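Provide a 3D model corresponding to the input given below.
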Amino acid sequence: RKRAIVVDYVIENWFPFSDQWQRYQQTIQTRYLLVCKSMLLYCLGNEELIGRLISDAEQAIRQIDKRDITIIKAFPKPPQDIKTLFELVGIFLCPEIPNNQFSWEKSRALLGNSKFLQNLLTFDKDQITAEQVTRAAPYIALKGMNPTEMKKKSSAAANLCVWARAMYAYGEAKHGMTSH
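Reported below is the predicted structural model:
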């Protein structure tokens with residue numbers, strides 16, 4: 001506080017016109033308050049937003065039924081967006097498998113697991129690593145990797161996309177990382 005008073009005194013006395021100083025001070029205060037407010041809203045809002053994303057992801061997974069999974073699993077050659085989505089899901093569920101080795105056959109094996117949906121619901125998001133977030137980032141940035149685009153392919157894929165994006169956002173927030 002004392003330093004601030006001394007700095008204010010020095011600057012006020014060095015500025016030749018007091019009205020210039022007042023305008024300068026008002027501009028600085030306004031910018032400072034806006035930055036502080038933005039940072040506060042971001043920090044508070046981020047936690048709330050992440051909580052909502054996780055809740056939406058759980059709800060989305062509950063909307064998938066086994067028939068939807070069977071339909072996706074039956075694709076002999078799925079659309080590229082579906083394959084890409086499962087590579088993204090695989091980053092979280094099977095982190096030991098490198099991205100370029102997560103084939104459609106491995107995706108079908110995931111889907112064939114009778115506890116696949118339960119595994120998504122009980123997934124321990126606190127175990128998401130910074131490496132997983134980094135690996136997932138290019139997938140998240142893809143134009144077609146959003147629920148609206150995925151819904152054109154399959155409602156189950158749209159719901160899986162909601163889950164994958166929420167896990168990415170949680171991991172990003174947990175590790176203090178930011179997109180782009």
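
neighbours around residue 134, how many?
Number of residues near residue 134 (other Cβ atoms under 10 Å) recorded here: 14. C-betas here are computed from N, CA, C, even on glycine.

same check, this time on residue 123
Here the count is done by other Cβ under 10 Å, and residue 123 has 17 residues near it.

Find me the pLDDT at residue 119, would you?
What the model reports as pLDDT for residue 119 is 93.

Correction: the previous question concerned residue 133.
Among the per-residue scores, residue 133 shows a pLDDT of 91.

And it, how far from residue 175?
Between residue 133 and residue 175 the distance, using Cβ to Cβ, to the nearest Å, works out to 6 Å.

what about these two, which has more around it?
Neighbour comparison, residue 133 and residue 175: the larger count goes to residue 133, with 23 against 15 (by other Cβ under 10 Å).

measure that one to residue 141 for me?
With Cβ to Cβ as the criterion, residue 133 and residue 141 are 12 Å apart.

In contact with residue 151, which residues?
Applying Cβ atoms under 8 Å, 6 or more residues apart in numbering, we find residue 151 in contact with 157, 158.

gap between it and residue 143?
Separation of residue 151 from residue 143 (Cβ to Cβ) stands at 15 Å.

Flag the shaky bits of this structure, pLDDT-wise.
Counting by pLDDT under 70, the chain has low-confidence residues at 1-46, 49, 177-180.

In it, what residue spans correspond to helices?
Using DSSP state H, the helices of the chain run over residues 2-14, 18-62, 66-73, 80-93, 104-112, 116-121, 130-140, 147-151, 155-174.

okay, the angle between the last one and helix 66-73?
For helix 155-174 and helix 66-73, the angle between their directions (axes from the mean of the first three to the mean of the last three Cα atoms, to 10 degrees) works out to 90 degrees.

distance between helix 155-174 and the chain's centre?
7 Å (Cα atoms, centre = their mean, to the nearest Å).

go on, stretch 68-75?
Between the mean C-alpha point of stretch 68-75 and the mean C-alpha point of its chain there is a distance of 26 Å (Cα atoms, centre = their mean).

Next, the buried residues of stretch 57-74.
With burial defined by 16 or more other Cβ atoms under 10 Å, the residues of stretch 57-74 counted as buried are 57, 60, 61, 64, 68, 69, 72, 73.

Any figure for the gap between residue 85 and residue 152?
Separation of residue 85 from residue 152 (Cβ to Cβ) stands at 12 Å.

residues of stretch 120-129 that come out buried?
Of the residues in stretch 120-129, 120, 123, 128 count as buried by neighbour count, 16+ other Cβ under 10 Å.
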